[in-house]
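Peer 1: Just the structure for this:
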Amino acid sequence: MHSWLFLIPFLAALVGWMINSLMIKLLFHPLKPIKIFGFTFSGIISGKREAIAIGLGKYVSEELFSFQVIEEKLTNPANIEKIMPLVEEQIDHFLRVKLAEQMPMISMFIGDKTIQQLKNIFMEELTTLFPNLINQYVKNLQSDLQLEKIISQKIMAIDLLETEKKMNQQLQKELRLFKLAGAFSGFIIGILQLLITLLLN
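Peer 2: All right, here's what the predicted structure looks like:
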């Protein structure tokens, strides 16, 4: 009986630790594709960086930052109603102050009753006009902003080494547990191999 056989579980644990550590490293490395024996290798994230960026850009722009939801919120009658007092205040100020400054002759013939009538007409028209204006503005913004493209470009510009560093800092405990899980599973496999070897001998 060779005493070195009892090292099998510990060697297997070391291999398990190293394999899981390598898997973590391969998330980002190699940063640039390299060819070995005709095969091209790159990190899992770095190799799929463009596809990830496009996918995340599409997901964020469609699911997490929906222009349709924004439009619905802005054109919601309850939300429009909240800003109407401010709008009415500005219209009142225009009719009573600005108009008198710019066109004093006309303001002389406009009394409180006329101002109130004009204000009511403006407010009624604006209540109808605001949803249409907001709707058109959001559509123009969506067209001009190209949020999906912006997000994709931002992701492509991220420094992968810095991202790896932050991941290692933020997930330090989890990554250590992942390595330990590799060591533990390797140790169990090593024990099974040792038992099989002992039984066969």
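
Peer 1: Select the longest helix from this protein.
Peer 2: helix 112-145 (DSSP state H).

Peer 1: Where do the strands of the chain begin and end?
Peer 2: For the chain, the strands defined by DSSP state E occupy 34-36, 39-41.

Peer 1: Dump those strands to CSV, plus distance to residue 120 and mean neighbour count.
Peer 2: C-beta coordinates here come from the backbone N, C-alpha and C atoms, glycine included. Listed next are those as CSV, based on distance: least, CB to CB, whole Å; neighbours: other CB atoms under 10 Å:
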stretch, distance to residue 120, mean neighbour count
strand 34-36, 74, 9
strand 39-41, 72, 9
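
Peer 1: Compare those strands and say which comes out lowest on pLDDT.
Peer 2: Lowest mean pLDDT within the strands of the chain: strand 39-41, a mean of 77.

Peer 1: That strand pairs with which strands, and in what direction?
Peer 2: strand 34-36 (antiparallel) (DSSP bridges).

Peer 1: Distance from the chain centre to the strand it pairs with, please.
Peer 2: 33 Å (CA atoms, centre = their mean, to the nearest Å).

Peer 1: Turn the strands of the chain into CSV, columns for distance to residue 10.
Peer 2: Converted to CSV, the strands of the chain look like this (distance: least, CB to CB, whole Å):
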stretch, distance to residue 10
strand 34-36, 30
strand 39-41, 30
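
Peer 1: what's the closest of these to residue 92?
Peer 2: Closest to residue 92 of those is strand 39-41 (CB to CB; 70.7 Å).

Peer 1: quick one on the thing from earlier: for the longest helix of the chain, buried residues please.
Peer 2: Residues of helix 112-145 classed as buried under the neighbour-count rule (16 or more other CB atoms under 10 Å) are 115, 118, 119, 122, 126, 130, 134, 138, 142.

Peer 1: What of stretch 43-57?
Peer 2: The neighbour-count check on stretch 43-57 (16+ other CB under 10 Å) flags 43, 45, 46, 47, 49, 52, 53, 54, 56, 57 as buried.

Peer 1: Quick check: the gap between the residue nearest the centre of the chain and residue 68.
Peer 2: The structure's the chain has its C-alpha centroid closest to residue 60; by CA atoms, centre = their mean the separation is 5.4 Å. Using CB to CB, to the nearest Å, residue 60 is found at 14 Å from residue 68.

Peer 1: got it, and residue 130?
Peer 2: Using CB to CB, we find residue 130 at a distance of 18 Å from residue 68.

Peer 1: one step back: which pair of the buried residues of helix 112-145 spans the longest distance?
Peer 2: Of all pairs in the buried residues of helix 112-145, the most separated under CB to CB is 115 and 142 at 38.8 Å.
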